[in-house]
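>>> Output the structure for:
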Amino acid sequence: MRASFLVFAAASLWCADVRRLTHSQYNNTVRDLLGDRTKPALHFPAEDFVDGFKGQRQAQTISPLLAEAYSGAAEKLARNAFRFGDRRELIPCRPSAATDASCAKDFVRRFGQRAFRRPLSQEEEAEFIALLLKEARRAGQFLAGAQIVVEAMLQSPNFLFRIDRSSGPFEIASRLSYALWDTMPDEELFRSATAGELRTPEEIETQARRMLQSAFAREALNEFISQWMRFDRLFSSVKDRRLYTDFVPSLAEAMAEETRRLAYHLVWNDRSFMEFFSADYTFANADLANLYEFSAPAQPFGLVKYPPDSERAGVLGHGLFLAQTGKPEESSPTERGLFIREHFLCQDVPPPPPGVNSTLPPFLIDSKPMTNRERMTTVHLANTSCAGCHHIIDPIGFGLERFDTVGRWHQKQQLTIFPTKDQRKTVKPQHHELELDTRASIVGMPNSGFSSARELGRILARDPGCQKCVVRQWFRFAFGRRETTNDRADLDRVFEDFRRSEFRFQEMVVSLMKSGTFRRVQ
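Prediction:
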């Protein structure tokens, strides 16, 4: 199929009940469909984040560049599938001849159901059988016909898109598998769908609990955490090498692993997920322990308690959060406050007005060094066009100012003013230590005063708004859209189940899978 035709076909299908496979879902699906682990989607055009996640429906058009990538990947995947014969056992029969029509039918029916995540219609089945036999006759090989069918199916919108136009068992099976596993249904889900099951909340719950025990569920959780916590921003962060020589790729990888391990610990050990914000322990290796200034655990990324006097707690004390919300030379109270508002409280903060100059004053004014708080108060809170938003953002970040832009704790703000290029021969860098005022609060939240990450973590962990936000964030990830007023009743019930379970993440997931919102056409 030509790439231009794919763009047209995809555009004609787009509507509220159609979702394109994300790049991670594409990689996982071809792995489980074909046994191919080459992860071709790593070379596709980058996906956009919308409402905090990839895969949101309003950002899922297929550009000509992506269509070409799909076409090239399909051709390569199909060729690799039969490069050394049918070693991956994709063909359920032994063809007696190149044009064995009975075997062609068996292959098209079985592979088609797995590729399209539903049984093929009679018309689809006939078309693919004819395509297989035509190519097999031309090449004199049955596998050549099977290869062209695989290539055609991998370019079909029925493979690339999840088409939810009913609430039948095959659609439910697909929703379950991509929500809980980030990949296609397995044989057990297909069996249940074929038997007409997956129609009641009880049947769905049985499958959901089974699926949560699979290693695939851990992969899906990793995908959720990496998007929600924006691992991509950490890996693209740039820090001033003159000041932060230890911020290297291996340290960034360790920061991501620390957050991943905390989430895994809470979810798979059935602990309260709200410890994600308040935990007085972490999972560190030697590099992180050195950065955090405590003894490394016996095993890399072993559980280690924070020292009693530590100001760290949960993800708020992790290098991941602190580094990705920092600038190259300095921390950013604004970015940290914004992240907490949007990602942990699910609040929408509008972008700056057009034409507003957001440049902060220099660190030195009339030779007087200024802290970030003093500089931001001068610009953000004194400017009427900025103050509305910064009044609810910056005060949160001020409470985290004892952590620098790579997550290292300091009692005072360390400020280094480097000479300009023309001054380097005669002027040395100026070093200043500035007293910090970390008194902070979450504007609009009663009794929310704090002055450290540990205190803030405890506030968030017990706040119903933050607890509900966890539910909403997973909803957006799993459903590929923001919640609407029509979802409110179900989300309220899911939150009550989450609360009654003492915030067990798996119970929240199962509750949402059983909901009417999940079972209806999405």
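
>>> burial count for residue 319?
When neighbours are defined as other C-beta atoms under 10 Å, residue 319 has 27 of them. Every C-beta, even on glycine, is put in place using the N, C-alpha and C of the backbone.

>>> Just the pLDDT for it.
We have a pLDDT of 97 for residue 319.

>>> Assign the closest residue to residue 106 other than its chain neighbours to helix, strand or coil.
Setting aside the residues directly before and after it, residue 106 is nearest to residue 93 in space (C-beta to C-beta, 6 or more residues apart in numbering), at 4.8 Å. Secondary structure, DSSP: H, G, I helix; E, B strand; the rest coil: residue 93 is coil.

>>> for the stretch 51-200 of the chain, what spans make up the strands?
Assigned by DSSP state E, counting those that start in this stretch, the strands in the stretch 51-200 of the chain fall at 161-163.

>>> So residue 208 lies in a strand, does it not?
No: using three-state DSSP, the assignment for residue 208 is helix, not a strand.

>>> and stretch 223-241, what's its mean pLDDT?
96.

>>> Oh, that last question was meant for stretch 89-96, not what I typed.
Here the average pLDDT along stretch 89-96 is 96.

>>> what comes into contact with it?
For stretch 89-96, contacts defined as C-beta atoms under 8 Å, 6 or more residues apart in numbering pick out 34, 81-82, 100, 102-104, 106-107, 110-111, 142-143, 146, 150.

>>> Mind giving me the packing neighbours of the helix or strand encompassing residue 460?
Residue 460 belongs to helix 453-462 when assigned by DSSP states H and E. Helix 453-462 makes packing contacts with helix 275-278 when contacts are defined by 3 or more C-beta pairs under 8 Å, 6 or more residues apart in numbering; DSSP states H and E.

>>> Could you check how far the helix it packs on is from the centre of its chain?
Chain-centre distance of helix 275-278: 19 Å, with C-alpha atoms, centre = their mean, to the nearest Å.

>>> So which residues make contact with that helix?
262-263, 266, 313-316, 344, 454, 456-458, 460-461, 466.

>>> What is the nearest of the residues you listed to residue 425?
Checking the contacts of helix 275-278 against residue 425 with C-beta to C-beta, the nearest one is residue 316 at 43.3 Å.

>>> returning to that earlier point: most neighbours among the contacts of helix 275-278, please name it.
residue 456 (29 neighbours).

>>> ok, now how distant is the residue nearest to residue 106 from residue 111?
12 Å (C-beta to C-beta, to the nearest Å).

>>> Between the two, which has more neighbouring residues?
residue 111 (22 against 14).

>>> ok, residue 517 touching residue 487?
Yes: shown here, residue 517 and residue 487 form a contact pair, counting by C-beta atoms under 8 Å, at 5.1 Å.

>>> OK, contacts around the spatially most central residue of the chain?
Centroid-nearest residue in the chain, with C-alpha atoms, centre = their mean: residue 227, separated by 2.2 Å. Listed by C-beta under 8 Å, 6+ apart, the contact set of residue 227 reads 49, 52, 53, 54, 477.

>>> Of the residues you listed, just say which sits nearest to residue 166.
Closest approach between the contacts of residue 227 and residue 166, by C-beta to C-beta: residue 477, at 23.2 Å.

>>> Now that closest one: which helix or strand?
Using DSSP H and E, residue 477 falls in helix 464-479.

>>> from the chain's centre, how far out does that helix sit?
That offset, for helix 464-479, works out to 13 Å (C-alpha atoms, centre = their mean).

>>> any idea of the mean pLDDT for it?
On average, helix 464-479 scores 97.

>>> Distance from the chain centre to the following helix or strand past that helix, please.
Downstream of helix 464-479, the next assigned helix or strand under DSSP H and E is helix 488-500. Distance of helix 488-500 from its chain centroid, counting by C-alpha atoms, centre = their mean, is 23 Å.

>>> re earlier: from the contacts of stretch 89-96, keep the buried residues only.
Buried members of the contacts of stretch 89-96, scored by 16 or more other C-beta atoms under 10 Å, are 34, 81-82, 100, 103-104, 106-107, 111, 142-143, 146, 150.

>>> Farthest pair within those residues?
The widest separation within these (C-beta to C-beta) is 21.7 Å, between 34 and 100.

>>> okay, and for the protein, where does confidence drop off?
Counting by pLDDT under 70, the chain shows low-confidence ranges at 1-16, 355-366, 379-388, 521-522.

>>> Could you list the domains of it?
Following automatic domain parsing, the chain resolves into domains at 3-163, 281-456, 464-519.

>>> got the end-to-end distance for the longest one?
If I follow you right, that is domain 281-456. 15 Å (C-alpha to C-alpha, to the nearest Å).

>>> Can you get me the centre-to-centre distance for that domain and its chain?
Counting by C-alpha atoms, centre = their mean, domain 281-456 comes out at 24 Å from the chain centroid.

>>> Give the burial count for the closest residue to residue 283 other than its chain neighbours, as a bare number.
The spatial neighbour of residue 283 that comes closest, neighbours along the chain excluded (C-beta to C-beta, 6+ apart), is residue 261 at 3.6 Å. Counted with other C-beta under 10 Å, residues neighbouring residue 261 total 16.

>>> now do residue 55
The number of residues packed near residue 55 is 27, by other C-beta under 10 Å.

>>> Next up, phi/psi of it, please.
In terms of degrees, to the nearest 10, the main-chain angles of residue 55 are phi 80, psi 10.

>>> hang on, isn't it packed against residue 479?
No: with contact defined as C-beta under 8 Å, residue 55 does not reach residue 479; the gap is 9.6 Å.

>>> Now do the buried residues in stretch 190-209.
190, 192, 193, 197, 198, 201, 203, 204, 207, 208.

>>> can you tell me which residues contact residue 467?
Contacts of residue 467 (C-beta under 8 Å, 6+ apart): 274, 495, 498, 499, 503.

>>> Residue 471 now?
Counting by C-beta under 8 Å, 6+ apart, residue 471 has contacts 491, 494, 495, 498, 508, 512.

>>> cool, residue 76 as well?
Residue 76 makes contacts with residue 40, as judged by C-beta under 8 Å, 6+ apart.

>>> any idea how far it is from residue 155?
From residue 76 across to residue 155, the span is 12 Å (C-beta to C-beta).

>>> try residue 344
40 Å.
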